[in-house]
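Enquirer: model the structure of this input:
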Amino acid sequence: SGERLRQWLGVTEEQFYDEHKIAMMPMSFCYPGKGATGDLAPISVCAPQWHQDILNTLSSVELTLLIGTYAQNYYLPESRSISLTERVRNWKSYWPDYLPLPHPSPRNNIWLSKNRWFEEQVVRELQQRIQCFF
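Expert: Numbering: from 1, shown residues only. Modelled structure (predicted):
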């Protein structure tokens with residue numbers, strides 16, 4: 001997942017781990033365990049309890065990547081009634097503050113193969129924006 005996300009961003013591993021340029025914040029701060037079809041949902045108490053405190057420590061947030069359905073549902077509650085695919089397809093309506101993305105997990109290879117426009121349009125725009133920071 002990390003390699004694919006770095007590819008989408010168009011950054012090196014060194015750039016990706018530069019804490020002055022990129023910060024990562026999970027929806028939950030502990031592993032929720034395995035379910036029948038993959039990992040269980042993030043623990044729902046973490047984001048409301050910790051996210052704002054963490055965001056307050058960041059000096060300058062230029063872009064927030066909302067990776068996966070859970071992050072998108074939390075930060076874009078008005079869009080809960082639409083699918084991840086529709087949120088990602090309508091990425092311009094959340095831009096320039098947020099960018100909804102599918103999870104870069106290999107489990108999403110089928111989604112990526114069915115939605116080739118994602119890498120052609122969204123990833124290209126994301127890479128152009130990220131290059132401004134480096």
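
Enquirer: pLDDT-wise, which helix or strand of this protein ranks last?
Expert: Here the helix or strand of the chain ranked lowest by mean pLDDT, DSSP states H and E is strand 38-39, holding a mean of 86.

Enquirer: quick check: buried residues in the helix or strand residue 51 falls within?
Expert: In this assignment (DSSP states H and E), residue 51 forms part of helix 46-57. For helix 46-57, the neighbour count (16 or more other CB atoms under 10 Å) marks 46, 47 as buried. For the C-beta atoms, the positions are set from N, CA and C on the backbone; glycine is no exception.

Enquirer: isn't there a helix covering residue 99?
Expert: No: counting by DSSP: H, G, I helix; E, B strand; the rest coil, residue 99 is not found in a helix; it is strand.

Enquirer: mind listing the residues bridging to it?
Expert: Legend: beta-bridge partners of residue 99 under DSSP bridges are residue 65.

Enquirer: confidence score at it?
Expert: Looking at residue 99, its pLDDT reads 98.

Enquirer: before we move on, what about residue 37?
Expert: 83.
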